[in-house]
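Q: Need coordinates for the following:
(one chain, ligands or ions: 2)
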Amino acid sequence: MLADPSIRYQPYTPLNLPDRQWPGKVNRAPPIWLSTDLRDGNQALANPMTIPQKMVFFETLVKCGFKEIEVAYPAASDTDFNFVRMLIEENRVPDDVWLQVLTPAREDLIKRTVESVAGAKRAIIHMYNATCCLFRTVVFHNSKEETVNLAVKHTEIVRKLTDECTAKHGTQFRYEYSPETFSQTEPEFALEVCEAVKKAWGRAGPAFEDRIIFNLPATVEIGPPNHYADLVEHFCRHISEREKIYISLHPHNDRGTSTAAAELGQLAGADRVEGCLFGNGERTGNVDLVNLALNLYTQGVHPKVDFSDIQAVIDVVTACNDLPVHPRHPYAGELVFTAFSGSHQDAIKKGFEAQRERHAKARAQGEREYWDMPYLPIDPADLGCTYEAVIRVNAQSGKGGIAYLVQQHLGLDMPRKLQIAFYQVIQEIADREAREMTVEDITTAFRKTYHLGGSVYEGRLALRSFRISAESAPGGAEGEAVDERRQFDGTILVDGQLRVIRGDGNGPLSALLDALRTHLQVDLCLREYSEHTISQDASAKAASFVELVWNSGDVKGTRAAAESFWGVGIDPDIAGSGLRAVLSAANNAIADRALPELKLSVGAGFSAASGQADVATAILNALRLELPRRLQAAFFEEVQRAAAGSGGEISYDALVGLFRETYGYYEEEEGDARFAVKSFKLEHLNASGRAKLSGEFIINGKPVSLAAEGNGPLSAAVEAVNRGLDGRVSIREYAEHSIGEGSEVKAASYVEVAYEGPGGSPKLTTWGVAIDSDITASGLKAVLAATKAVEHADEAARKAAAQVAQQ
Ligand SMILES: CC(=O)SCCNC(=O)CCNC(=O)[C@H](O)C(C)(C)COP(=O)(O)OP(=O)(O)OC[C@H]1O[C@@H](n2cnc3c(N)ncnc32)[C@H](O)[C@@H]1OP(=O)(O)O
Ligand SMILES: CC(C)C(=O)C(=O)O
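A: Residues are numbered from 1 along each chain as shown. Ligands and ions are numbered 1, 2, ... in the order given. Purely as a prediction, here's the structure:
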């Protein structure tokens with residue numbers, strides 16, 4: 001580059017227009033648009049468009065709503081000429097669309113041009129000759145006078161030929177004249193040429209169809225847009241019979257300011273703008289009509305052309321031009337609705353949230369829902385774009401953007417501190433891999449980090465089933481509200497092995513934390529908890545977020561603990577989502593740390609809580625039975641008794657045998673069963689659930705016929721059993737769950753019955769356990785199994801009663 005460019009380049013000559021009006025004006029209506037994609041755009045392509053390409057492009061322009069389309073330079077080539085003919089002969093031009101064709105001021109070429117549109121309903125003949133000094137002298141070797149004469153003479157030819165064509169074919173013509181290189185032409189001379197052309201045309205009138213179009217090209221953009229606006233205003237103010245003229249702009253983009261030039265030119269009085277979609281055209285291109293139209297749109301002015309499906313337009317234009325649309329191109333570029341940087345993303349995320357609230361309020365008050373978003377001048381949805389690409393994540397991104405994507409794609413509103421924690425996870429990946437993080441990268445990292453989304457992402461601890469029950473805390477002065485404690489009974493997978501754990505606390509989460517502490521020596525406490533509902537289709541789910549800290553050392557779970565662990569849980573049930581969130585955080589806390597293994601034998605001196613759960617775990621793994629808590633306690637007593645009688649220890653195999661024996665639990669086929677329902681009939685007697693049960697049963701290996709009524713099948717069974725007893729049994733607790741899945745699914749039932757012998761003998765409670773593919777049958781079998789122990793007691797009671805009678 002030159003040290004002093006002024007030795008080579010001259011500045012534009014500013015126009016002296018001190019009373020210029022355009023700076024104080026505002027564009028409040030769209031101009032008449034002319035697309036010259038198929039002419040100026042086409043002539044600038046290395047490979048001009050084929051007829052089929054032109055046709056697709058033309059149809060796209062029509063679909064977008066362009067009513068004036070420069071379709072060809074018909075004298076240039078057969079392709080262009082034939083394309084115009086095809087449009088006309090195949091009736092491809094809607095009635096409200098004007099075909100425009102360009103010709104130089106040469107008679108033979110004008111003739112061919114008019115011939116090309118013969119038979120069209122409506123056509124604009126556009127003739128040009130360059131008028132600036134450089135072109136006059138260098139290209140045409142013409143004086144000013146000869147330049148005027150050239151324009152006048154050929155305008156008269158256009159007039160004559162079009163008149164003839166109208167007479168012969170009925171085509172309605174308008175005339176457009178371009179003093180090419182207008183912005184480099186002396187302003188007074190541009191006026192002089194145009195006045196002469198208007199006169200030669202001789203039929204300009206104020207009606208739309210009669211107006212002559214003076215197109216004022218910035219053939220090469222040689223000055224700033226304000227200069228162009230001055231030239232346009234000067235022309236508009238001084239041309240005679242302004243009301244019979246449409247002033248048209250044709251800015252090129254050599255200085256990169258064609259959009260500004262077109263906008264200021266309209267303020268300066270122009271009525272019409274010629275350009276190309278996405279700014280194709282000679283050199284740096286024609287002004288971009290999409291840009292201009294959407295600039296108006298974002299000012300609340302409908303441009304009267306439609307880009308609601310901008311991608312479809314991009315697809316056609318790029319295919320026909322064989323040129324890409326730059327990723328940063330206004331409104332159309334792949335990246336223009338995208339923010340990578342943290343502060344932009346943060347503002348956009350907050351903007352969306354604020355806008356949602358603002359719109360809801362405005363809607364409720366019947367007011368307009370204005371778009372007012374940081375960094376997004378237009379709603380991408382108005383152009384048929386989704387919000388998917390609005391926020392994209394790389395090493396420049398922040399927590400806000402990542403949280404936005406998690407919100408959009410997983411429906412989770414992360415609390416601020418979780419956003420910070422998860423941001424570290426993504427930053428670490430983005431830095432390490434030095435690449436953009438896709439939405440999938442982020443959602444997968446989220447699922448992995450918080451063990452969310454099925455077995456693939458499960459951590460070392462995973463919830464299988466749980467039950468939360470309430471019990472009143474002891475104590476409390478009379479009249480005081482009694483605190484309810486919560487009990488957690490659950491089955492969790494620990495490193496692939498099912499374990500029964502249980503704990504107590506003020507609420508479900510602290511009860512689970514207690515269980516983790518008791519059974520797995522994972523001593524954590526809750527620092528933060530929040531939840532919200534997620535609406536997915538019609539079914540709402542709960543999402544919970546917890547922050548846990550180690551409950552050890554000096555800080556003992558206070559906010560001072562430096563290290564904390566976040567967890568996320570989703571479940572249809574709110575308690576379930578909280579419990580899952582606790583396990584998710586616990587997984588992050590334990591990382592690789594070893595957990596206490598399941599004991600393979602149970603001793604008589606085991607602590608009640610861990611011993612009962614270990615026993616229950618053995619039964620769960622051996623028989624898939626999830627024992628209710630009180631049954632765990634009852635069976636643990638049996639186990640301790642048995643262990644005491646066998647040297648203080650009992651193996652797991654022996655323990656399973658003991659369980660079967662104690663609760664009459666056998667999975668054999670009916671023929672061998674000790675407690676079986678051979679057949680039963682259940683009649684519902686009324687709406688309140690009263691039922692009549694009759695059937696053939698096996699009780700402790702013996703066939704028995706029973707029939708009785710009760711409030712349901714189980715109470716009817718109890719009633720039937722009571723007929724054969726001297727004492728009475730009643731159901732104290734009933735629980736059930738399914739085992740297996742699909743057609744293999746079975747019901748497991750647990751029944752605790754209380755027995756009261758004749759003559760007020762002490763109450764006895766006993767459990768029965770059974771499974772069956774039919775849930776009623778499994779309940780009945782469990783009742784029958786429970787009566788086994790009762791029968792012994794009844795027998796004893798009867799003997800005792802007989803002895804008393806003999807005495
Ligand atoms: C700014 C613009 O975009 S203007 C539109 C430009 N578009 C095109 O040129 C595309 C189509 N053009 C063509 O196919 C050819 O140029 C044609 C068919 C029009 C003419 O081809 P040719 O006759 O071979 O002439 P050529 O292409 O060399 O054009 C230059 C001649 O036209 C003259 N000329 C240039 N512009 C004009 C004009 N607007 N009016 C009259 N004559 C003109 C030149 O002075 C030169 O004349 P000369 O040969 O006497 O010196
Ligand atoms: C023919 C004219 C209008 C032209 O294309 C230009 O000046 O750029």
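Q: Tell me the bridge partners for Lys681.
A: In this entry, Lys681 is beta-bridged to Ser694, by DSSP bridges.
Q: Now do the closest residue to Leu15 other than its chain neighbours against Ser183, distance only.
A: Spatial nearest neighbour of Leu15, excluding adjacent residues (CB to CB, 6 or more residues apart in numbering): Asp230 at 4.3 Å. C-betas here are computed from N, CA, C, even on glycine. Distance, Asp230 to Ser183, using CB to CB, to the nearest Å: 10 Å.
Q: what residues are shared contacts of these two?
A: Residues touching both Asp230 and Ser183 by CB atoms under 8 Å, 6 or more residues apart in numbering: none at all.
Q: More neighbours: which of those two?
A: Ser183 (26 against 22; other CB atoms under 10 Å).
Q: Can you classify that one by secondary structure?
A: helix (DSSP: H, G, I helix; E, B strand; the rest coil).
Q: Just give me the neighbour total for the nearest residue to it once chain neighbours are set aside.
A: In space, and not counting its chain neighbours, Ser183 is closest to Ala218: 4.2 Å by CB to CB, 6+ apart. By other CB under 10 Å, 30 other residues sit near Ala218.
Q: mind listing what Ala218 touches?
A: Counted by CB under 8 Å, 6+ apart, Ala218 has contacts Phe182, Ser183, Tyr228, Leu249, His250, Pro251, His252, Ser258, Ala261.
Q: so which of those residues comes closest to Leu658?
A: Closest approach to Leu658 among the contacts of Ala218 (CB to CB): Ser258, at 90.9 Å.
Q: In contact with the closest one, which residues are there?
A: Applying CB under 8 Å, 6+ apart to Ser258 gives the contacts Ala218, Glu221, Pro251, His252, Gly275, Gly279, Thr284, Gly285, Asn286, Val287, Asp288.
Q: Could you check the pLDDT of it?
A: At Ser258, the pLDDT value in this model is 98.
Q: got it, and Pro104?
A: You'll see Pro104 listed with a pLDDT of 98.
Q: what do you get for the one 3 residues further on?
A: We have a pLDDT of 98 for Glu107.
Q: Could you do Ala604 as well?
A: The model reports Ala604 with a pLDDT of 51.
Q: so the residue nearest to Leu15, which of the three states?
A: Relying on three-state DSSP, one would call Asp230 helix.
Q: how about the strands of the stretch 601-750 of the chain, start to end?
A: For the stretch 601-750 of the chain, the strands defined by DSSP state E, counting those that start in this stretch cover 601-603, 649-651, 675-684, 691-699, 702-710, 728-739, 746-756.
Q: of all these, which lies closest to ligand 2?
A: Closest to ligand 2 of those is strand 728-739 (CB to the nearest ligand atom; 78.1 Å).
Q: which phi and psi does Arg174 have?
A: phi -120, psi 160 (degrees, to the nearest 10).
Q: wouldn't it be in contact with Gly205 here?
A: No. In this structure Arg174 lies outside contact range of Gly205 using CB atoms under 8 Å: 10.8 Å.
Q: buried residues in stretch 326-336?
A: If you call a residue buried by 16 or more other CB atoms under 10 Å, then stretch 326-336 has these buried ones: His329, Pro330, Tyr331, Ala332, Gly333, Val336.
Q: mind checking pLDDT for Ala44?
A: Note on Ala44: pLDDT of 98.
Q: what's the closest non-adjacent residue to it?
A: Closest to Ala44 by CB to CB, 6+ apart is Glu282, at 4.5 Å.
Q: OK, contacts around that neighbour?
A: Applying CB under 8 Å, 6+ apart, the residues near Glu282 are Asp40, Gln43, Ala44, His252.
Q: try Leu134
A: By CB under 8 Å, 6+ apart, the residues touching Leu134 are Thr181, Gln184.
Q: returning to what we had before: if any of the contacts of Ser258 are buried, give me the ChimeraX selection for them.
A: Of these, the buried ones can be selected in ChimeraX as follows, counting by 16+ other CB under 10 Å:
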select :218,221,251,252,275,279,285,286,287,288
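Q: Turn the contacts of Ser258 into JSON lines, including distance to ligand 2, secondary structure and pLDDT.
A: Output for the contacts of Ser258, formatted as JSON lines (distance: CB to the nearest ligand atom, whole Å; DSSP: H, G, I helix; E, B strand; the rest coil; pLDDT from 0 to 100):
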{"residue": "Ala218", "distance to ligand 2": "8", "secondary structure": "strand", "pLDDT": "98"}
{"residue": "Glu221", "distance to ligand 2": "10", "secondary structure": "coil", "pLDDT": "98"}
{"residue": "Pro251", "distance to ligand 2": "9", "secondary structure": "strand", "pLDDT": "98"}
{"residue": "His252", "distance to ligand 2": "6", "secondary structure": "strand", "pLDDT": "98"}
{"residue": "Gly275", "distance to ligand 2": "10", "secondary structure": "strand", "pLDDT": "98"}
{"residue": "Gly279", "distance to ligand 2": "13", "secondary structure": "helix", "pLDDT": "98"}
{"residue": "Thr284", "distance to ligand 2": "12", "secondary structure": "coil", "pLDDT": "98"}
{"residue": "Gly285", "distance to ligand 2": "11", "secondary structure": "coil", "pLDDT": "98"}
{"residue": "Asn286", "distance to ligand 2": "7", "secondary structure": "strand", "pLDDT": "98"}
{"residue": "Val287", "distance to ligand 2": "10", "secondary structure": "coil", "pLDDT": "98"}
{"residue": "Asp288", "distance to ligand 2": "15", "secondary structure": "strand", "pLDDT": "98"}
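Q: Just name the closest of the contacts of Ser258 to ligand 1, please.
A: Proximity of the contacts of Ser258 to ligand 1 (CB to the nearest ligand atom) peaks at His252, which lies at 8.5 Å.
Q: from memory that closest one sits against Asp288, does it?
A: No. Using CB under 8 Å, His252 is not in contact with Asp288, being 11.2 Å away.
Q: returning to that earlier point: which ones, among the contacts of Glu282, also lie beside ligand 1?
A: For ligand 1, the contacts drawn from the contacts of Glu282 by CB under 6 Å from any ligand atom are Asp40, Gln43.
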